[in-house]
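A.B. asks: The amino acid sequence is not available; the structure is as follows:
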């Protein structure tokens, strides 16, 4: 436990020294929700609906970028090899990054909650706020697993670009920026295969606006997706040895 705490502290210190990471992570969902959810009101008065959309969009970023970029950087520069040769357990290394990514996601959620309640007059029950926070905090795991896979495969300088090529289209095709009913039918079929779609549907269900699919199917998909990514990572465990791709 002490090893995990030290690793989490060091990882958080590195994150706080990188405003290029946390400032966009905080600003993008807040600004997007302000323009599309409040000013332009694409949801026709249902600002709580777009709050869920941009909350899902916001929490995807920290695990995606942090796990992918930091793992790719530490792997290609040899720091990960040094850590693996030390008495540190690799589980502590991953757990620290997962915890800090989830913590950043909680901060993003709180910023969106304040914005929604203050500027969009969104009113939810206390249990709804709490359940949304729990769903989206645990919902960082599939994206963290995908981020680790990218970090295991992508070169240091290409990791951020690869994440953007996946992260932004995934958000768009899942209906996080614009409701799916405003998009072509084929987009809705693509959305069914994306983890962000299933996560946001769980959020919609909290406010009574989810799809007709039972919630446990969404949870099952997210669990299977996370396990699948981890199994692939297990097969690629040699990529963490520090060698350049």
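C.D. replies: Cool, the structure landed. If you're wondering where the values come from, they're calculated on a predicted model, not measured in any experiment.

A.B. asks: need the contact list for the nearest residue to residue 94 once chain neighbours are set aside.
C.D. replies: Using C-beta to C-beta, 6 or more residues apart in numbering and skipping the chain neighbours, the partner closest in space to residue 94 is residue 148 (7.4 Å). Placement of C-beta: from N, CA and C, glycine included. By C-beta atoms under 8 Å, 6 or more residues apart in numbering, residue 148 lies in contact with 67-68, 71, 94, 229, 233.

A.B. asks: what about residue 148, distance to residue 6?
C.D. replies: Noted for residue 148: a distance of 21 Å to residue 6, by C-beta to C-beta, to the nearest Å.

A.B. asks: Helix or strand: which one has residue 190?
C.D. replies: helix 185-191 (DSSP states H and E).

A.B. asks: what does whichever helix or strand comes after that helix rub up against?
C.D. replies: Counting by DSSP H and E, the next helix or strand C-terminal to helix 185-191 is helix 195-206. Contact with helix 195-206 is made by 49, 52-53, 55-57, 60, 128, 131-132, 135-136, 139, 142-143, 146, 170-171, 173-176, 191, 210-211, 213, 215, 218-219, 221-222, 225, as judged by C-beta under 8 Å, 6+ apart.

A.B. asks: How far does helix 195-206 sit from its chain's centre?
C.D. replies: 13 Å (C-alpha atoms, centre = their mean, to the nearest Å).

A.B. asks: What residues sit buried inside that helix?
C.D. replies: For helix 195-206, a neighbour-count test (16 or more other C-beta atoms under 10 Å) marks 195-206 as buried.
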